[in-house]
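Novice: sequence and predicted model, in that order:
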Amino acid sequence: MSLPIGHAAIGFTAYNLFCRNGSSLGRWRVPLGILVLSNLPDVDVAIGIVLRGNGNAFHRGPTHSLIFALIAGFLASRVWGLWPQWPRLGFRTCFMLILSHVLADAVLTSSPVSFFWPVAVNWSGGHSGLTHVVNLVLFGNHQDVVIILGCAFLMLLQRAFSVRFGRSLAPKG
């Protein structure tokens, strides 16, 4: 189960592997954008806590879908025009970062996601109150150690590949 740090590590890895301008990571806005976008699908947990007192009430529903990644990616890529403090990330990057969360949940957990919402909807079961969610986010991230190490390995492998062969996996342009 990926938690916020694990999703962020996956997002940073996806950005590092597939985005051409890796040098922009030095600015604080891009890492913040990666952190926010790679965790955006879990906004459904906050909505569930606010509306129902249960973080699982809406979890893994519409926000864990391809259509959400498309729409939210488009909107996020346009926000910088309205709010200059937001990082200038293109649609493809924003979409990929949000989709990385959905794919990680689909692959790394036993609960299904609503990838093809509204055609197919899968909700998380059980009850997850505010205290449980906060404790999980603050103290449960040890579960993400394997994810973080795997992401670090992939980034090192990509750097070794690009140094050895002078090529990157990121698309040109």
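Specialist: Yes, it's here.
Novice: so how far is residue 62 from residue 122?
Specialist: Distance, residue 122 to residue 62, by Cβ to Cβ, to the nearest Å: 11 Å. (Each C-beta comes from the backbone N, C-alpha and C, glycine too.)
Novice: could you point out the longest helix of this protein?
Specialist: helix 145-165 (DSSP state H).
Novice: remind me what it packs against, helices and strands.
Specialist: Secondary-structure packing of helix 145-165 (3 or more Cβ pairs under 8 Å, 6 or more residues apart in numbering; DSSP states H and E): helix 4-18.
Novice: low-scoring stretches of this structure, by residue?
Specialist: 1, 20-26, 81, 166-173 (pLDDT under 70).
Novice: quick check: the residue most central in space within the chain vs residue 113, distance?
Specialist: Geometric centre of the chain, nearest residue: residue 38, 2.0 Å, by Cα atoms, centre = their mean. Distance, residue 38 to residue 113, using Cβ to Cβ: 15 Å.
Novice: check residue 2 too.
Specialist: 12 Å.
Novice: give me the common contacts of these two.
Specialist: residue 105 (Cβ atoms under 8 Å, 6 or more residues apart in numbering).
Novice: between the two, which is the more surrounded one?
Specialist: With neighbours defined as other Cβ atoms under 10 Å, residue 2 and residue 113 compare such that residue 113 has more, 26 against 23.
Novice: ignoring the adjacent residues along the chain, who's closest to the more buried one?
Specialist: Closest residue in space to residue 113, ignoring its immediate chain neighbours: residue 64 at 4.0 Å, by Cβ to Cβ, 6 or more residues apart in numbering.
Novice: surely the one you found is in contact with residue 102?
Specialist: Yes. If you go by Cβ atoms under 8 Å, residue 64 and residue 102 touch, sitting 5.1 Å apart.
Novice: those two: who's more crowded?
Specialist: Just comparing residue 64 and residue 102: by other Cβ under 10 Å the higher neighbour count belongs to residue 64, 29 against 21.
Novice: give me the common contacts of residue 122 and residue 62.
Specialist: Taking Cβ under 8 Å, 6+ apart as the criterion, residue 122 and residue 62 both touch residue 114.
Novice: so which of those two has more stuff around it?
Specialist: Remark: of residue 122 and residue 62, residue 122 carries more neighbours, 18 against 15, as counted by other Cβ under 10 Å.
Novice: how about the contacts made by that one?
Specialist: 60, 61, 111, 112, 113, 114.
Novice: Serialize the residues you listed to TSV and add fields for secondary structure and distance to residue 160.
Specialist: Shown next, in TSV, are the contacts of residue 122 (DSSP: H, G, I helix; E, B strand; the rest coil; distance: Cβ to Cβ, whole Å):
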residue	secondary structure	distance to residue 160
60	coil	36
61	coil	40
111	coil	35
112	coil	36
113	coil	33
114	coil	37
